[in-house]
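J.: With the input below, show me the fold.
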Amino acid sequence: MRKTTEKILEAAQGRFWEYAEVGFGDIEFSEEVAAACRANYCGNYGKCWQCPPNVGTPEEQKKRFSAYPQAFVFTTKHDVEDSFDIEGMAAARVEHERVEDMIRPALPEGSVVLGAGGCNVCEKCAYPEPCRFPEKARSSVEACGINVVSLAKTAKIHYTNGENTVTYFTLVFLGANET
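T.: This is a model prediction of the structure:
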C-alpha cells in the first residue's frame, strides 16, 4: 500500500489536510447513518441515484466493499466566515472535489471514491430516469452508510478542525491492482 499512498500524495500536491491508510475492518457501516439519510435532512433521499435508498443498505454496502481490504481516507480543511456561511462551505466542497479529481489518475484500477455530500454532477438528478453521467456520478461516504466520526477516530484524524472551518472527507477503496 505504501507505493499507492506515495502516488496519491504526489498527485494531491500537498492539498490534503490529513490522511491515513485504513483496513476494511476499520470502517463502520452504520444503521444510524442510514437513519439520518432516511430523515432526509439534505432533501436527496429517494431523489438521487447516488443517495439512499438507491445505493442500498449499509449491509449491502458492507458486502460490496468487503472485496477491498485496504482504503485511503483524506480530509481537506477550509476556513469559512462562520457556521452559517453556506456559500463558503459550497466553495470549499468544490475545492475538495478538485483534490479528489487530482488523485483519481493515481488510483489503482477498480478503486472506488466516496466523497463529501451527495452527487452534484447535474444541477438536478435525472432520477427516476437513468443517470445521464454514470461515469461521473459521485456517491458520498455517508450515503453508503459509513460512520465518518468513527472513521476519523480509527484513522486518528480530526473530524472537526476548529471554529470557522469546514472539513471534508473522502474515502477511497483501493482497487485490486493496488501495489
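J.: Could you tell me how many residues sit around the closest residue to residue 47 other than its chain neighbours?
T.: Using C-beta to C-beta, 6 or more residues apart in numbering and skipping residues adjacent in sequence, the residue nearest residue 47 is residue 127, 5.9 Å away. To be clear about C-beta, it is placed using only N, CA and C from the backbone, and glycine gets the same treatment. Using other C-beta atoms under 10 Å, residue 127 has 17 neighbouring residues.
J.: Equivalent analysis for residue 1, please.
T.: Neighbours around residue 1, by other C-beta under 10 Å: 16.
J.: For residue 110, pull up the helix or strand it's in.
T.: Residue 110 belongs to no helix or strand when assigned by DSSP states H and E.
J.: Let the chain start at 12 from now.
T.: Sure, I'll start numbering at 12, so the last one becomes residue 121.
J.: Confirm for me that it is in contact with residue 186.
T.: Yes: between residue 121 and residue 186 there is a contact at 3.0 Å, judged by C-beta atoms under 8 Å.
J.: neighbour-wise, which of these two wins?
T.: Applying other C-beta under 10 Å to residue 121 and residue 186 shows that residue 186 carries more neighbours, namely 16 against 13.
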